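Asks: predicted model and sequence follow; I will ask about them next.
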Amino acid sequence: MKGYCQQSCNTCPGASQSATLQVYKKCKNPNTVAFAWDDGTTQYQQSIIDQFNAAGFKTTFFTTGKLYNCIYNDGAVQSLRNAYASGHQIASHTWSHPDMASLTADQQKAEILKLDDALSKIIGAKPTYFRPPYLSSGTGLRTVLKDLGFHGEVQMNIDTQDWNGFSANQSYDAVVAGIQGADKGGIVLAHEFYNSSANDLLPRVINYAKANGINLVTVAECVGDDVANMYREVGQQGLRDETWVC
């Protein structure tokens, strides 16, 4: 297939670095923030994309297969393809959002590879960045990620605490405090399925970033990786068939 590559042939972006796995909690450069969204895709993803595009910034979506929405639904497919085409980063957050530290290595691989397969069909690419559900990890999971060719396990150093019942106002205060306290920029934890985060918090963070000379970027850019390394296999989008089910 034209444009398709195999990691084993060392022809993919980032394939030569596949033996190295880093754990990232913050950005490399000052005044740089990766506002990263967990648990999509959801009905709010397109709004998030539109806001970042309008502002000239980039973001990262840590995507699941079937947490709040089936990844093969028409809306999910379209928003993922729009995000990918706009240069936003699509990263892995497992197929069904389990606590990965509680699973065997084979179960961990199954969660990751099932999402890989879906993203390969939908956007034509497999991610090199992974954020574990609940931020729950360990040496076993990191060995699996390394074996599969991932570049980074992503944690965070700025928490919106939207998951903890924070209002948009409280989340905004937490994000601003985190940015101001982060010596080399921050990786934000936010959740795509909260309307308050997607459509109240986000516009305010974008305005704050613009007013304070802060660049909102993908996680890969935040940690100093080349954008070409966001995916370990890059090919063509697939055509819907009977396998596109959750």
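Replies: Received the coordinates, thanks.
Asks: do you have the helices of this protein handy? List them.
Replies: Assigned by DSSP state H, the chain shows helices spanning 45-55, 74-85, 105-122, 139-147, 168-181, 195-196, 202-211, 219-222.
Asks: present those helices as a markdown table; the columns should include mean neighbour count, distance to residue 233 and mean pLDDT.
Replies: C-betas here are computed from N, CA, C, even on glycine. Formatted as a markdown table, the helices of the chain follow (neighbours: other CB atoms under 10 Å; distance: least, CB to CB, whole Å; pLDDT from 0 to 100):
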| stretch | mean neighbour count | distance to residue 233 | mean pLDDT |
| --- | --- | --- | --- |
| helix 45-55 | 18 | 23 | 98 |
| helix 74-85 | 18 | 14 | 98 |
| helix 105-122 | 18 | 7 | 98 |
| helix 139-147 | 16 | 15 | 97 |
| helix 168-181 | 17 | 33 | 96 |
| helix 195-196 | 16 | 34 | 98 |
| helix 202-211 | 17 | 30 | 97 |
| helix 219-222 | 26 | 15 | 97 |
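Asks: so which of the ones you listed comes closest to residue 243?
Replies: helix 105-122 (7.6 Å; CB to CB).
Asks: to residue 24, which of the helices of the chain lies closest?
Replies: Closest among those, once you apply CB to CB, is helix 219-222, at 7.1 Å.
Asks: how far off centre is the closest one?
Replies: 10 Å (CA atoms, centre = their mean, to the nearest Å).
Asks: touching that helix from outside, list them.
Replies: 24, 27-29, 32-34, 36, 58, 60, 89, 91, 128-129, 151-152, 154, 185, 187, 226-227, 229-230 (CB atoms under 8 Å, 6 or more residues apart in numbering).
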